[in-house]
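Asks: I would like to see how this sequence folds:
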Amino acid sequence: MRRLHLKPLVASALLFGTLTGYGNAYAQGAPQAITEKRTDVVQLASGYRASKLNGADVYNRNKDTIGTLDDLIVSPSGDRGTYAILSVGGFLGMGKHLVAVPFNDLQINNRRVVLPDATKKSLEALPEFKYAPD
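Replies: Below is the predicted model:
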């Protein structure tokens, strides 16, 4: 005579019912709205990764080196865009001056970053950018 073990079956059924019954539960306690938008992933993949641009020299239209790309920052509200943080001046990391310029002002071609109308002096005249504490 074959014995059927019901306890594991009942426990599995209860667990499955519990998990499926809470399928609409939210981890943060509030519903989230997600807007889906189709993205051309092939075109996107041909873009420039921030990690690869970090540390790139920034030139003006006269091919003068005017700074280094230190970072990219997306504004907290998202509606103000992305900013490039440039390191200007200094020597061996000492005395450098960080400034923020709109990312859209940069021209990028084969990892060559150009801010056409800028000079070291014009960038150094911008307000100094300071990172917010973590």
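Asks: mind listing the strands the helix or strand where Ile85 lies pairs with, and their directions?
Replies: Assigning secondary structure by DSSP states H and E places Ile85 in strand 82-88. Under the criterion DSSP bridges, strand 82-88 sits next to strand 65-74 (antiparallel), strand 97-102 (antiparallel) in its sheet.
Asks: closest one to Asp134 among those strands?
Replies: Taking Cβ to Cβ as the measure, these were each checked against Asp134, and strand 65-74 came out nearest at 13.7 Å. Just so you know, the C-beta spots here come from the backbone N, C-alpha and C atoms, and that holds for glycine as well.
Asks: buried set for stretch 82-89?
Replies: Judged by neighbour count using 16 or more other Cβ atoms under 10 Å, the buried positions of stretch 82-89 are 83-89.
Asks: quick revisit: I'd like the strands paired with strand 82-88 as a markdown table, with mean pLDDT, mean neighbour count and distance to Ala125 appended.
Replies: What follows is the strands paired with strand 82-88, written out as a markdown table (pLDDT from 0 to 100; neighbours: other Cβ atoms under 10 Å; distance: least, Cβ to Cβ, whole Å):
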| stretch | mean pLDDT | mean neighbour count | distance to Ala125 |
| --- | --- | --- | --- |
| strand 65-74 | 93 | 18 | 12 |
| strand 97-102 | 94 | 18 | 9 |
